[in-house]
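> sequence plus predicted model, see below.
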Amino acid sequence: MFLIGTAAFMLNPALCGRLLAIAADAPALAGANTVSAFRPGIGITPVPAAVSLAQGAALAAAAVPPVLLDRARRNR
């Protein structure tokens, strides 16, 4: 959970800055869309984190299949 939280805090500003650099002609629209895209993730993430902390490591194993699927998709 610590690594996921750290990655989220590092990636969010980096992605926002990159999108603002790409959309130099419409920075307000790009900023609004970026923030709107991150809001659901920021709001939903505490739920599985709380459940996994309450149930121990059993739920953490549920994160392994999505990670493996993502890696397999990237390697194609």
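All right, it came through fine.
> in the protein, where's the longest helix?
helix 2-22 (DSSP state H).
> buried sites along that helix?
For helix 2-22, burial by neighbour count (16 or more other C-beta atoms under 10 Å) applies to residue 16. Every residue, glycine included, has its C-beta placed from N, CA and C.
> helices and strands around it, which ones?
With contacts taken as 3 or more C-beta pairs under 8 Å, 6 or more residues apart in numbering; DSSP states H and E, helix 2-22 sits against helix 27-44.
> wait, residue 22 touches residue 29, no?
No: counting by C-beta atoms under 8 Å, residue 22 stays clear of residue 29, with 11.8 Å between them.
> by mean pLDDT, flag the weakest helix or strand of the protein.
Using mean pLDDT, DSSP states H and E, the weakest-scoring helix or strand in the chain turns out to be helix 46-55, at a mean of 78.
> can you check what angle separates it from helix 2-22?
Interaxial angle, helix 46-55 versus helix 2-22 (axes from the mean of the first three to the mean of the last three C-alpha atoms, to 10 degrees): 170 degrees.
> ok, residue 37 to residue 48 distance?
As judged by C-beta to C-beta, to the nearest Å, residue 37 and residue 48 stand 19 Å apart.
> and those two? Which one has more around it.
residue 48 (15 against 12; other C-beta atoms under 10 Å).
> buried ones in the least confident helix or strand of the chain?
residue 52.
> could you dump it to PDB, C-alpha only?
Below are the C-alpha coordinates for helix 46-55, written out as PDB (Å, rounded to 0.1, in the frame of the first residue of the first chain):
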ATOM      1  CA  PRO A  46      -9.200   4.200  -0.100                       C
ATOM      2  CA  VAL A  47     -12.000   1.600  -0.200                       C
ATOM      3  CA  PRO A  48      -9.800  -1.400  -1.400                       C
ATOM      4  CA  ALA A  49      -7.000  -0.100   0.700                       C
ATOM      5  CA  ALA A  50      -9.100  -0.200   3.800                       C
ATOM      6  CA  VAL A  51     -10.500  -3.600   3.000                       C
ATOM      7  CA  SER A  52      -7.000  -5.000   2.400                       C
ATOM      8  CA  LEU A  53      -5.700  -3.600   5.600                       C
ATOM      9  CA  ALA A  54      -8.700  -4.900   7.500                       C
ATOM     10  CA  GLN A  55      -8.400  -8.400   6.000                       C
END
